[in-house]
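Novice: This is the structure alone, sequence omitted:
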(Lines give C-alpha, C1' and ligand atoms only; values in the text may rest on other atoms or scores of the structure.)
Protein backbone atom coordinates (compact mmCIF):
# COMPACT_ATOMS: atom_id res chain seq x y z
CA UNK A 1 0.00 0.00 0.00
CA UNK A 2 1.42 3.36 -1.00
CA UNK A 3 1.56 6.24 1.42
CA UNK A 4 -0.90 9.00 0.54
CA UNK A 5 0.62 12.40 -0.25
CA UNK A 6 -0.10 15.43 1.87
CA UNK A 7 -2.78 17.85 0.77
CA UNK A 8 -0.39 20.02 -1.24
CA UNK A 9 0.48 17.03 -3.42
CA UNK A 10 4.16 16.80 -2.44
CA UNK A 11 5.44 13.21 -2.31
CA UNK A 12 6.09 11.61 1.05
CA UNK A 13 9.31 9.67 1.53
CA UNK A 14 8.29 6.07 2.26
CA UNK A 15 10.80 5.54 5.08
CA UNK A 16 9.96 8.77 6.93
CA UNK A 17 7.86 8.32 10.01
CA UNK A 18 6.91 10.78 12.74
CA UNK A 19 5.53 10.11 16.21
CA UNK A 20 3.76 12.92 18.05
CA UNK A 21 4.90 13.96 21.51
CA UNK A 22 1.85 15.29 23.31
CA UNK A 23 1.65 17.94 26.03
CA UNK A 24 -0.83 16.94 28.71
CA UNK A 25 -1.30 20.54 29.84
CA UNK A 26 -1.59 22.14 26.39
CA UNK A 27 -3.82 19.30 25.12
CA UNK A 28 -1.96 19.17 21.83
CA UNK A 29 1.16 17.68 20.30
CA UNK A 30 4.18 19.94 20.65
CA UNK A 31 6.82 17.82 18.89
CA UNK A 32 7.24 15.16 16.25
CA UNK A 33 10.03 12.64 16.65
CA UNK A 34 11.73 11.60 13.41
CA UNK A 35 11.73 7.82 13.00
CA UNK A 36 12.36 5.47 10.10
CA UNK A 37 10.39 2.41 9.03
CA UNK A 38 13.38 0.13 8.60
CA UNK A 39 14.74 -1.52 11.76
CA UNK A 40 18.05 -0.17 12.92
CA UNK A 41 18.04 2.77 10.53
CA UNK A 42 19.35 6.04 11.84
CA UNK A 43 17.17 8.87 10.54
CA UNK A 44 19.93 11.43 10.85
CA UNK A 45 22.48 9.36 8.96
CA UNK A 46 20.68 8.90 5.65
CA UNK A 47 17.13 10.19 6.09
CA UNK A 48 17.56 13.45 7.98
CA UNK A 49 17.15 15.61 4.93
CA UNK A 50 13.96 13.74 3.97
CA UNK A 51 12.58 14.08 7.49
CA UNK A 52 13.29 17.80 7.51
CA UNK A 53 11.53 18.24 4.18
CA UNK A 54 8.48 16.23 5.18
CA UNK A 55 8.35 17.87 8.58
CA UNK A 56 8.16 21.29 6.94
CA UNK A 57 5.30 20.09 4.72
CA UNK A 58 3.38 18.64 7.67
CA UNK A 59 3.58 21.68 9.90
CA UNK A 60 0.39 23.61 10.54
CA UNK A 61 1.35 24.87 14.01
CA UNK A 62 4.74 25.47 15.64
CA UNK A 63 6.19 22.19 16.90
CA UNK A 64 9.65 20.85 17.53
CA UNK A 65 11.30 18.29 15.33
CA UNK A 66 13.09 15.77 17.55
CA UNK A 67 15.96 13.82 16.04
CA UNK A 68 18.37 11.32 17.53
CA UNK A 69 21.66 11.57 15.64
CA UNK A 70 24.40 9.01 15.65
CA UNK A 71 27.00 10.21 18.18
CA UNK A 72 29.47 10.46 15.30
CA UNK A 73 27.38 13.31 13.88
CA UNK A 74 28.12 15.26 17.06
CA UNK A 75 31.71 14.29 17.70
CA UNK A 76 33.56 17.11 15.90
CA UNK A 77 32.96 20.75 15.12
CA UNK A 78 32.79 19.94 11.39
CA UNK A 79 30.22 17.19 11.98
CA UNK A 80 28.09 19.51 14.08
CA UNK A 81 28.33 22.23 11.46
CA UNK A 82 27.16 19.78 8.77
CA UNK A 83 24.23 18.75 10.96
CA UNK A 84 23.26 22.37 11.56
CA UNK A 85 23.56 23.11 7.84
CA UNK A 86 21.03 20.38 7.04
CA UNK A 87 18.44 22.01 9.26
CA UNK A 88 19.24 25.45 7.89
CA UNK A 89 18.79 24.27 4.31
CA UNK A 90 15.21 23.34 5.17
CA UNK A 91 14.49 26.62 6.97
CA UNK A 92 14.43 24.95 10.38
CA UNK A 93 15.99 27.33 12.92
CA UNK A 94 17.78 25.75 15.91
CA UNK A 95 14.99 26.62 18.35
CA UNK A 96 12.64 24.33 16.39
CA UNK A 97 14.95 21.30 16.67
CA UNK A 98 15.49 18.98 19.64
CA UNK A 99 18.69 16.94 19.58
CA UNK A 100 18.20 13.73 21.58
CA UNK A 101 21.09 11.65 22.88
CA UNK A 102 20.72 8.47 24.90
CA UNK A 103 21.91 8.34 28.46
CA UNK A 104 23.94 5.25 27.54
CA UNK A 105 25.77 7.16 24.80
CA UNK A 106 26.79 9.84 27.28
CA UNK A 107 28.00 7.16 29.66
CA UNK A 108 30.16 5.58 26.96
CA UNK A 109 31.41 8.87 25.52
CA UNK A 110 31.51 11.61 28.17
CA UNK A 111 33.22 13.89 25.63
CA UNK A 112 29.80 14.29 23.99
CA UNK A 113 28.90 16.67 26.80
CA UNK A 114 31.14 19.31 25.24
CA UNK A 115 29.57 18.77 21.82
CA UNK A 116 26.05 19.02 23.20
CA UNK A 117 26.94 22.17 25.11
CA UNK A 118 28.10 23.70 21.81
CA UNK A 119 24.80 22.77 20.15
CA UNK A 120 22.85 24.26 23.03
CA UNK A 121 24.91 27.41 22.75
CA UNK A 122 23.91 27.53 19.07
CA UNK A 123 20.24 27.51 20.07
CA UNK A 124 19.25 23.85 19.68
CA UNK A 125 17.20 22.17 22.39
CA UNK A 126 18.69 19.11 24.06
CA UNK A 127 16.96 15.94 25.26
CA UNK A 128 18.32 12.98 27.21
CA UNK A 129 16.80 9.79 25.83
CA UNK A 130 16.25 6.45 27.60
CA UNK A 131 16.74 7.98 31.05
CA UNK A 132 16.50 5.47 33.89
CA UNK A 133 18.36 2.50 32.44
CA UNK A 134 22.00 1.74 33.10
CA UNK A 135 24.06 3.87 35.46
CA UNK A 136 22.41 7.24 35.19
CA UNK A 137 24.51 10.00 36.75
CA UNK A 138 22.62 13.01 38.03
CA UNK A 139 25.85 15.00 38.04
CA UNK A 140 26.07 14.46 34.28
CA UNK A 141 22.52 15.70 33.81
CA UNK A 142 23.19 18.70 36.00
CA UNK A 143 26.22 19.57 33.90
CA UNK A 144 24.36 19.23 30.60
CA UNK A 145 21.17 21.04 31.71
CA UNK A 146 18.91 19.35 29.13
CA UNK A 147 15.65 20.96 28.10
CA UNK A 148 13.82 17.63 28.10
CA UNK A 149 14.43 14.24 29.69
CA UNK A 150 12.77 11.24 28.04
CA UNK A 151 12.14 8.53 30.61
CA UNK A 152 12.78 5.00 29.41
CA UNK A 153 9.58 3.00 28.97
CA UNK A 154 10.73 0.63 31.74
CA UNK A 155 10.08 3.33 34.36
CA UNK A 156 6.44 3.50 33.31
CA UNK A 157 6.14 -0.28 33.19
CA UNK A 158 7.65 -0.68 36.65
CA UNK A 159 5.24 1.92 38.03
CA UNK A 160 2.27 -0.24 37.04
CA UNK A 161 2.41 -1.84 40.49
CA UNK A 162 1.37 0.55 43.30
CA UNK A 163 3.93 1.22 45.97
CA UNK A 164 7.53 2.30 45.87
CA UNK A 165 7.95 2.11 42.09
CA UNK A 166 4.93 4.39 41.61
CA UNK A 167 6.33 6.84 44.14
CA UNK A 168 9.76 6.61 42.53
CA UNK A 169 8.39 7.67 39.15
CA UNK A 170 6.68 10.71 40.67
CA UNK A 171 9.80 11.68 42.59
CA UNK A 172 11.99 11.33 39.50
CA UNK A 173 9.61 13.63 37.65
CA UNK A 174 9.86 16.18 40.46
CA UNK A 175 13.65 15.86 40.49
CA UNK A 176 13.87 16.60 36.77
CA UNK A 177 11.65 19.62 37.28
CA UNK A 178 14.00 20.81 40.01
CA UNK A 179 16.81 20.54 37.48
CA UNK A 180 14.87 22.66 34.99
CA UNK A 181 13.92 19.91 32.52
CA UNK A 182 10.54 18.89 31.13
CA UNK A 183 9.74 15.18 31.36
CA UNK A 184 8.63 13.03 28.42
CA UNK A 185 7.10 9.73 29.51
CA UNK A 186 7.61 7.20 26.74
CA UNK A 187 6.05 3.77 26.33
CA UNK A 188 2.45 4.94 26.73
CA UNK A 189 0.91 1.94 24.99
CA UNK A 190 -2.42 1.53 26.82
CA UNK A 191 -4.92 3.24 29.11
CA UNK A 192 -3.17 2.13 32.28
CA UNK A 193 0.13 3.60 31.07
CA UNK A 194 -1.56 6.90 30.38
CA UNK A 195 -3.27 7.02 33.78
CA UNK A 196 0.06 6.43 35.50
CA UNK A 197 1.66 9.13 33.35
CA UNK A 198 -1.10 11.56 34.33
CA UNK A 199 -0.69 10.72 38.03
CA UNK A 200 3.09 11.13 37.94
CA UNK A 201 3.07 14.81 37.03
CA UNK A 202 4.98 14.25 33.78
CA UNK A 203 4.72 16.96 31.15
CA UNK A 204 4.71 15.15 27.80
CA UNK A 205 3.70 11.65 26.68
CA UNK A 206 4.69 9.49 23.75
CA UNK A 207 3.66 6.01 22.71
CA UNK A 208 1.37 4.03 20.46
CA UNK A 209 -1.70 4.72 22.63
CA UNK A 210 -1.13 8.44 22.14
CA UNK A 211 -0.32 8.09 18.44
CA UNK A 212 1.57 5.52 16.39
CA UNK A 213 4.52 6.50 14.18
CA UNK A 214 3.21 7.22 10.68
CA UNK A 215 4.22 9.17 7.60
CA UNK A 216 1.30 11.52 8.23
CA UNK A 217 0.89 11.77 12.02
CA UNK A 218 -2.50 11.68 13.68
CA UNK A 219 -3.82 15.15 14.32
CA UNK A 220 -4.78 16.52 17.72
CA UNK A 221 -8.49 16.33 16.91
CA UNK A 222 -8.07 12.55 17.03
CA UNK A 223 -5.58 12.34 19.91
CA UNK A 224 -7.09 14.81 22.39
CA UNK A 225 -10.49 13.14 22.97
CA UNK A 226 -8.68 9.91 23.84
CA UNK A 227 -6.43 11.71 26.36
CA UNK A 228 -9.31 13.75 27.77
CA UNK A 229 -11.35 10.62 28.46
CA UNK A 230 -8.57 9.19 30.61
CA UNK A 231 -8.04 12.55 32.32
CA UNK A 232 -11.73 12.65 33.26
CA UNK A 233 -11.44 9.08 34.56
CA UNK A 234 -8.49 10.06 36.75
CA UNK A 235 -10.19 13.17 38.08
CA UNK A 236 -13.30 11.20 39.03
CA UNK A 237 -11.17 8.61 40.79
CA UNK A 238 -9.15 11.23 42.67
CA UNK A 239 -12.30 13.09 43.65
CA UNK A 240 -13.63 9.91 45.22
CA UNK A 241 -10.31 9.35 46.95
CA UNK A 242 -10.30 12.88 48.32
CA UNK A 243 -13.80 12.42 49.70
CA UNK A 244 -12.70 9.26 51.48
CA UNK A 245 -9.56 10.98 52.73
CA UNK A 246 -11.53 13.93 54.12
CA UNK A 247 -13.81 11.54 55.98
CA UNK A 248 -10.91 9.57 57.42
CA UNK A 249 -9.07 12.76 58.37
CA UNK A 250 -12.13 14.15 60.13
CA UNK A 251 -12.45 10.96 62.17
CA UNK A 252 -8.77 11.19 63.08
CA UNK A 253 -9.14 14.81 64.14
CA UNK A 254 -12.13 14.01 66.33
CA UNK A 255 -10.30 11.14 68.01
CA UNK A 256 -7.16 13.29 68.41
CA UNK A 257 -9.06 16.07 70.19
CA UNK A 258 -10.80 13.51 72.42
CA UNK A 259 -7.41 12.06 73.40
CA UNK A 260 -5.92 15.52 73.98
CA UNK A 261 -8.75 16.51 76.34
CA UNK A 262 -8.36 13.26 78.26
CA UNK A 263 -4.63 13.88 78.68
CA UNK A 264 -5.17 17.42 79.92
CA UNK A 265 -7.66 16.02 82.45
CA UNK A 266 -5.02 13.69 83.87
CA UNK A 267 -5.91 10.43 82.11
CA UNK A 268 -2.85 8.17 81.65
CA UNK A 269 -1.49 8.31 78.09
CA UNK A 270 -2.12 4.64 77.32
CA UNK A 271 -5.81 5.11 78.09
CA UNK A 272 -6.16 8.59 76.60
CA UNK A 273 -4.77 7.38 73.25
CA UNK A 274 -7.37 4.61 72.91
CA UNK A 275 -9.74 6.61 70.61
CA UNK A 276 -6.89 7.36 68.19
CA UNK A 277 -5.45 3.86 68.11
CA UNK A 278 -8.89 2.44 67.37
CA UNK A 279 -8.82 4.03 63.89
CA UNK A 280 -7.50 1.78 61.08
CA UNK A 281 -5.31 4.48 59.47
CA UNK A 282 -3.58 5.48 62.71
CA UNK A 283 -0.26 3.68 63.10
CA UNK A 284 1.00 5.09 66.40
CA UNK A 285 0.66 7.80 69.04
CA UNK A 286 3.49 9.39 71.01
CA UNK A 287 4.11 12.24 73.41
CA UNK A 288 6.94 14.79 73.38
CA UNK A 289 8.16 17.24 75.98
CA UNK A 290 8.60 20.94 75.22
CA UNK A 291 12.14 20.30 73.92
CA UNK A 292 10.98 17.70 71.42
CA UNK A 293 12.22 14.68 73.37
CA UNK A 294 9.93 11.64 73.33
CA UNK A 295 8.46 10.62 76.67
CA UNK A 296 8.26 6.85 76.76
CA UNK A 297 7.84 4.66 73.71
CA UNK A 298 5.32 4.68 70.89
CA UNK A 299 1.83 3.37 71.42
CA UNK A 300 1.49 1.28 68.27
CA UNK A 301 -1.27 -0.44 66.42
CA UNK A 302 -0.33 -4.07 65.76
CA UNK A 303 1.41 -4.33 62.42
CA UNK A 304 1.00 -7.69 60.69
CA UNK A 305 3.02 -9.26 57.89
CA UNK A 306 -0.14 -10.64 56.30
CA UNK A 307 -0.01 -14.00 58.08
CA UNK A 308 -1.38 -12.70 61.37
CA UNK A 309 2.15 -12.42 62.78
CA UNK A 310 3.87 -9.26 63.90
CA UNK A 311 6.36 -7.87 61.37
CA UNK A 312 9.64 -7.38 63.25
CA UNK A 313 11.72 -6.39 60.24
CA UNK A 314 12.20 -2.89 61.62
CA UNK A 315 12.70 -3.90 65.23
CA UNK A 316 15.99 -1.90 65.56
CA UNK A 317 13.91 1.24 64.98
CA UNK A 318 11.04 0.30 67.27
CA UNK A 319 12.21 1.77 70.57
CA UNK A 320 11.94 5.56 70.27
CA UNK A 321 12.05 6.35 73.98
CA UNK A 322 14.15 9.48 74.41
CA UNK A 323 14.34 10.19 70.68
CA UNK A 324 14.50 13.89 69.80
CA UNK A 325 12.04 15.07 67.13
CA UNK A 326 12.61 18.81 67.57
CA UNK A 327 13.72 19.17 63.93
CA UNK A 328 10.41 17.85 62.65
CA UNK A 329 7.96 20.41 61.29
CA UNK A 330 5.12 18.82 63.23
CA UNK A 331 6.89 19.64 66.51
CA UNK A 332 7.95 23.15 65.52
CA UNK A 333 4.50 24.18 64.28
CA UNK A 334 2.79 22.73 67.34
CA UNK A 335 5.11 24.40 69.83
CA UNK A 336 4.77 27.76 68.04
CA UNK A 337 0.95 27.64 68.21
CA UNK A 338 -0.23 25.79 71.33
CA UNK A 339 -3.75 24.45 71.08
CA UNK A 340 -3.76 24.48 67.26
CA UNK A 341 -3.99 21.12 65.47
CA UNK A 342 -1.31 20.77 62.79
CA UNK A 343 -1.00 18.17 60.02
CA UNK A 344 2.39 17.58 58.39
CA UNK A 345 3.18 16.91 54.76
CA UNK A 346 3.61 13.21 53.90
CA UNK A 347 7.05 11.85 54.80
CA UNK A 348 8.88 8.57 55.38
CA UNK A 349 8.57 7.38 58.96
CA UNK A 350 11.84 6.70 60.76
CA UNK A 351 10.11 4.00 62.78
CA UNK A 352 9.04 1.57 60.06
CA UNK A 353 9.78 3.33 56.73
CA UNK A 354 6.14 3.73 55.78
CA UNK A 355 4.81 7.00 54.41
CA UNK A 356 2.68 8.88 56.90
CA UNK A 357 1.44 12.28 58.02
CA UNK A 358 1.61 13.41 61.62
CA UNK A 359 -1.12 15.22 63.51
CA UNK A 360 0.28 17.26 66.38
CA UNK A 361 -0.86 19.75 69.01
CA UNK A 362 0.86 21.42 71.95
CA UNK A 363 -1.16 20.97 75.14
CA UNK A 364 -0.61 21.54 78.85
CA UNK A 365 -0.32 18.51 81.10
CA UNK A 366 0.26 19.27 84.79
CA UNK A 367 0.97 22.91 83.82
CA UNK A 368 3.81 21.86 81.52
CA UNK A 369 3.72 22.11 77.72
CA UNK A 370 3.75 18.80 75.83
CA UNK A 371 3.18 17.90 72.19
CA UNK A 372 0.75 15.10 71.44
CA UNK A 373 1.41 13.36 68.11
CA UNK A 374 -0.22 10.64 66.06
CA UNK A 375 0.86 9.17 62.70
CA UNK A 376 -1.65 8.38 59.97
CA UNK A 377 -0.66 5.98 57.22
CA UNK A 378 -0.62 7.45 53.70
CA UNK A 379 -2.00 4.73 51.47
CA UNK A 380 -0.71 4.39 47.91
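Specialist: In hand now; what should we look at? Predicted model, so just to flag it, every value in this text is computed and none were measured. Numbering: from 1, shown residues only.

Novice: My guess is residue 191 contacts residue 198. True?
Specialist: No. Under the contact definition of CB atoms under 8 Å, residue 191 does not touch residue 198, with a separation of 10.5 Å. In short, each C-beta sits where N, CA and C put it, glycine included.

Novice: Where does pLDDT dip in the stretch 51-200 of the chain?
Specialist: 59-60, 134-136, 162-163 (pLDDT under 70).

Novice: ranges for the helices of the stretch 51-200 of the chain?
Specialist: For the stretch 51-200 of the chain, helices defined by DSSP state H, counting those that start in this stretch occupy the ranges 77-89, 103-108, 112-121, 138-144, 153-158, 164-178, 191-200.

Novice: any idea which of the ones you listed is most buried?
Specialist: When these are scored by mean count of other CB atoms under 10 Å, the highest mean neighbour count falls to helix 191-200 (a mean of 21).

Novice: Now do the same contact list for residue 361.
Specialist: Counting by CB atoms under 8 Å, 6 or more residues apart in numbering, residue 361 makes contact with 256, 260, 334, 338-342, 371-372.

Novice: try it again with 6 Å
Specialist: 260, 334, 341, 372 (CB atoms under 6 Å, 6 or more residues apart in numbering).

Novice: Of all pairs in those residues, which one is the farthest apart?
Specialist: Greatest spatial distance among these (CB to CB): 260 and 334, at 11.0 Å.

Novice: neighbour-wise, which of those two wins?
Specialist: Under the neighbour definition other CB atoms under 10 Å, residue 260 and residue 334 were set side by side, and residue 334 has more, 28 against 22.

Novice: Quick check: which element contains that one?
Specialist: Of the helices and strands defined by DSSP states H and E, residue 334 is found in helix 329-336.

Novice: what does that helix contact?
Specialist: Counting contacts by CB under 6 Å, 6+ apart, the residues touching helix 329-336 from outside are 292, 325, 342, 344, 358, 360-362, 371.

Novice: cool, and stretch 252-271?
Specialist: Here stretch 252-271 makes contact (CB under 6 Å, 6+ apart) with 272-273, 275-276, 279, 287, 359, 361, 363, 365, 372, 374, 376.

Novice: Inside strands: which ones of those?
Specialist: 287, 359, 361, 363, 365, 372, 374, 376 (DSSP state E).

Novice: who does the fourth one bridge with?
Specialist: Yep, that's residue 363 we're talking about. When bridges are called by DSSP bridges, residue 363 pairs up with residue 370.

Novice: And for the first one?
Specialist: Beta-bridge pairing of residue 287, defined through DSSP bridges, involves residue 372.

Novice: dump the residue contacts of it.
Specialist: For residue 287, the contacting residues are 269, 295, 370, 372, taking CB under 6 Å, 6+ apart as the criterion.

Novice: Repeat that for the second one.
Specialist: Contacts for residue 359 (CB under 6 Å, 6+ apart) come out as 256, 343, 374.

Novice: now do 8 Å
Specialist: For residue 359, the contacting residues are 252-253, 256, 330, 341-344, 373-374, 376, taking CB under 8 Å, 6+ apart as the criterion.

Novice: For residue 284, give me phi and psi.
Specialist: Summarising the backbone geometry of residue 284 under the convention degrees, to the nearest 10, its torsions are phi -170, psi 160.

Novice: For it, give its distance to residue 115.
Specialist: Going from residue 284 to residue 115 by CB to CB, to the nearest Å gives 54 Å.

Novice: Ok, residue 168 next?
Specialist: Here residue 168 is placed at a distance of 31 Å from residue 115 (CB to CB).

Novice: ditto for residue 326
Specialist: 50 Å.
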